[in-house]
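**Q** Sequence plus the predicted model coming up.
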Amino acid sequence: MQPRFKPVDYGRQLLAVDLSQQLHPGSFEYALHHLIEHEIKLEDIEARYKNAYEGAEAYDPRVLLKVVLLAYSRGIISSRGMQAACCNDVLFMAISGNSAPHFSTLANFVSSLGPAIGHIFAQVLAICDRQGLIGRQLFAIDGVKLPSNAAKAKSGKRKDFLRQVDKMEKAVEQILAKQHTADATEAEGTLEAKAQRRLERLSAEAAKLREWLEEHPHDRKSAKGRVRLSNRTDNESAKMPTDKGVIQGYTGVAAVDEKHQIIVEAQAHGVGSEQELLLGVVDALKEKGQLEADTVLTTDAGYCSERGLQGLEQRGIDACIADPNWRKRDERFADQQAHREKKDPLWDKSAKPDKPRLFRPSDFQPAEDLSHCICPAGKRLYRNGQHRDLKGLQAVHFTGAKRDCLSCPLRAQCLRKPDKTAVRQVIIVIGRTPGKPQKALERMKRKVDSQEGRDLIARRFATVEPVFGNIRYNKRLDRFTLRGQQKVDAQWKLYCLVHNIEKLANNGYAS
């Protein structure tokens, strides 16, 4: 006989649910609810509402903020997805008081936050500090490049756009000329439907492009005055290369405290080069009182530049900034090139002949009077001119003779292109240029190569990389949905707020 069980109904039911009991102490949503209801002040946002005596009732900005942050914590970025969650998910019903805001209200709220989100971010940081989650011993600064709501194909310089609009206008003229010819020969005078649609499309695009060029009379420029690519859908975004290909988007920068991985500063910029962002983040940290006398800043090689290092020294800030070649000088990464050159696991793994190593300047022996040097084949390379200055280093240039180099049996080991290059030239550094001060980059290299520098770089990895892993992969916040630097900056701060509130919840806040 078959056993009998109580019936189970998974369909729609009318239940009496106490929404306040759905937020469990110790959870992210409970900490979020307590934080916004009892700790955070939203005067800047509430001051925008002018319906005290007239107009319809508005949704409470506290409710909207809670819905958005809870949705981001679940990887829901679209406002339509948030509205659906408020209608179908009991947890969203509880956090919003069963108010179910419309998706247009949620979208407008996120896009209109502006500078107000900075004040909210600062208040959450103050609570993290009060809870003892910020140590201020080491800050790791890093950035992540995320795509935004901008078309990569609409990027270019003004000259590119001018060429495109001229091409479209010529195509319109050709279509019209063809029509005039048909009229003159008493042929069918009406354009075909396909040609008519093409004419309308080209005319509209050309007019729109002309209007954009009038509104943007100049190319975008970098801090060094170089021309940057403009974008017709979001001119404040940037075209940036990443490991996954080229994207059109923004760089989200975060400064993370080592103690509990709290994000102490968050900014988003439409810039692919991170070098010019370093001092802006540092100044923001200093202005907000996050930097102390013994605080150390660390970054990866993308932020290393002579200008940035000089700026840190002028501000009296202790930092450890890796340069692009620090791994080559660290014996712990001696085999990294072998791993980079590995083929796909399914490819042929049989041994391949090693490429011969070309002779380096260290293989050439200069004479005591520096009049010549001896190459590995025992031939002389003669001095070419006076001492040279190579970025503060004094060097001597030597050139081989054709009679020796053309018949040398070691040409394949000495020249990259022995069939095209006649003689070998080599530059040997002999010391620092007298009277030239040492650059900040050279001083930083010595610090990076020291044991202290290596330890700081290792601590940087463990501090900032898990933060981006949590935001991008755990929370699935891997793109920006807005346009314009100010709006994207606000959305990036919202992403970082989710991380910080989660840290508060995990460390016993409001439980």
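**A** Perfect, thanks for sending it. Everything quoted here is computed from the prediction, not taken from an experiment. Residues are numbered from 1 along each chain as shown.

**Q** Where do the strands of the stretch 401-511 of the chain begin and end?
**A** Assigned by DSSP state E, counting those that start in this stretch, the stretch 401-511 of the chain shows strands spanning 425-432.

**Q** In it, where is pLDDT below threshold?
**A** Scanning the stretch 401-511 of the chain for pLDDT under 70 picks out 435.

**Q** same question, the stretch 251-400 of the chain
**A** Low-confidence segments of the stretch 251-400 of the chain (pLDDT under 70): 336-356.

**Q** quick one, helices of the stretch 251-400 of the chain?
**A** 278-287, 306-314, 326-329, 336-340 (DSSP state H, counting those that start in this stretch).

**Q** could you dump stretch 83-94 to PDB, C-alpha only?
**A** The C-alpha trace of stretch 83-94 is given here as PDB (Å, rounded to 0.1, in the frame of the first residue of the first chain):
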ATOM      1  CA  GLN A  83       9.800  46.600  -9.700                       C
ATOM      2  CA  ALA A  84       9.200  42.900 -10.400                       C
ATOM      3  CA  ALA A  85      11.100  41.900  -7.300                       C
ATOM      4  CA  CYS A  86       8.900  44.300  -5.200                       C
ATOM      5  CA  CYS A  87       5.800  42.600  -6.500                       C
ATOM      6  CA  ASN A  88       6.900  39.000  -6.300                       C
ATOM      7  CA  ASP A  89       9.600  38.700  -3.600                       C
ATOM      8  CA  VAL A  90       8.600  38.800   0.100                       C
ATOM      9  CA  LEU A  91      11.900  40.200   1.100                       C
ATOM     10  CA  PHE A  92      11.600  43.200  -1.200                       C
ATOM     11  CA  MET A  93       8.000  43.600   0.000                       C
ATOM     12  CA  ALA A  94       9.300  43.700   3.600                       C
END
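
**Q** Residues contacting that stretch, please?
**A** 17, 19-20, 22-23, 29, 67, 70-71, 74, 76, 82, 96, 99-103, 106 (CB atoms under 8 Å, 6 or more residues apart in numbering). Yep, even glycine has a C-beta here, placed from its N, CA and C like the rest.

**Q** How about the top helix by length along the chain, which residues are buried there?
**A** Criterion DSSP state H: the longest helix present in the chain is helix 158-184. Buried residues in helix 158-184, counted by 16 or more other CB atoms under 10 Å: 158, 161, 165, 168-169, 172, 175, 179.

**Q** Now distance to Arg232 and pLDDT too, for those residues, in JSON lines please.
**A** JSON lines is the format used below for the buried residues of helix 158-184 (distance: CB to CB, whole Å; pLDDT from 0 to 100):
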{"residue": "Arg158", "distance to Arg232": "11", "pLDDT": "87"}
{"residue": "Phe161", "distance to Arg232": "7", "pLDDT": "87"}
{"residue": "Val165", "distance to Arg232": "11", "pLDDT": "86"}
{"residue": "Met168", "distance to Arg232": "13", "pLDDT": "87"}
{"residue": "Glu169", "distance to Arg232": "17", "pLDDT": "84"}
{"residue": "Val172", "distance to Arg232": "19", "pLDDT": "85"}
{"residue": "Ile175", "distance to Arg232": "24", "pLDDT": "81"}
{"residue": "Gln179", "distance to Arg232": "30", "pLDDT": "76"}
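
**Q** what's the closest of those to Leu393?
**A** Leu393 has its nearest neighbour among the buried residues of helix 158-184 in Arg158, at 40.5 Å by CB to CB.

**Q** And for the nearest residue to that closest one once chain neighbours are set aside, the neighbour number?
**A** Using CB to CB, 6 or more residues apart in numbering and skipping residues adjacent in sequence, the residue nearest Arg158 is Asp219, 5.2 Å away. Asp219 has 15 neighbours, counted by other CB atoms under 10 Å.

**Q** Quick check: Gln248 is in a helix.
**A** No. Assigned with DSSP: H, G, I helix; E, B strand; the rest coil, Gln248 falls outside any helix and is strand.

**Q** quick revisit: now tabulate the buried residues of helix 158-184 in JSON lines and tack on distance to Gly316.
**A** Below are the buried residues of helix 158-184 laid out as JSON lines (distance: CB to CB, whole Å):
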{"residue": "Arg158", "distance to Gly316": "42"}
{"residue": "Phe161", "distance to Gly316": "45"}
{"residue": "Val165", "distance to Gly316": "52"}
{"residue": "Met168", "distance to Gly316": "56"}
{"residue": "Glu169", "distance to Gly316": "58"}
{"residue": "Val172", "distance to Gly316": "62"}
{"residue": "Ile175", "distance to Gly316": "67"}
{"residue": "Gln179", "distance to Gly316": "73"}
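
**Q** Return the member of those residues nearest to Gly431.
**A** Set against Gly431, the nearest of the buried residues of helix 158-184 by CB to CB is Arg158 (47.7 Å).

**Q** Hmm, that closest one is touching Arg220, no?
**A** No. Counting by CB atoms under 8 Å, Arg158 does not reach Arg220; the two are 9.4 Å apart.

**Q** and for the two, which residues touch both?
**A** Here Arg158 and Arg220 have Ser230 as joint contacts, going by CB under 8 Å, 6+ apart.

**Q** from the chain's centre, how far out does the strand or helix carrying Val67 sit?
**A** Counting by DSSP states H and E, the element that carries Val67 is helix 61-73. In terms of CA atoms, centre = their mean, to the nearest Å, the centre of helix 61-73 is found 25 Å from the chain centre.

**Q** got it, and stretch 37-54?
**A** Per CA atoms, centre = their mean, the centroid offset for stretch 37-54 relative to its chain is 33 Å.

**Q** Report how many residues lie close to Asp389.
**A** 11.

**Q** Give the closest residue to it in space, chain neighbours not counted.
**A** Closest residue to Asp389 apart from its sequence neighbours, by CB to CB, 6+ apart: Thr433 at 4.9 Å.

**Q** What does that neighbour show for phi and psi?
**A** phi -70, psi 120 (degrees, to the nearest 10).

**Q** Gly270 too?
**A** Gly270 has phi and psi values of phi -80, psi 60 when expressed as degrees, to the nearest 10.

**Q** Spit out the contact partners of the residue nearest to Arg158.
**A** By CB under 8 Å, 6+ apart, Asp219 lies in contact with 157-158, 227-228, 230.

**Q** rerun that using 7 Å as the cut-off
**A** Asp219 makes contacts with 157-158, 227, 230, as judged by CB atoms under 7 Å, 6 or more residues apart in numbering.
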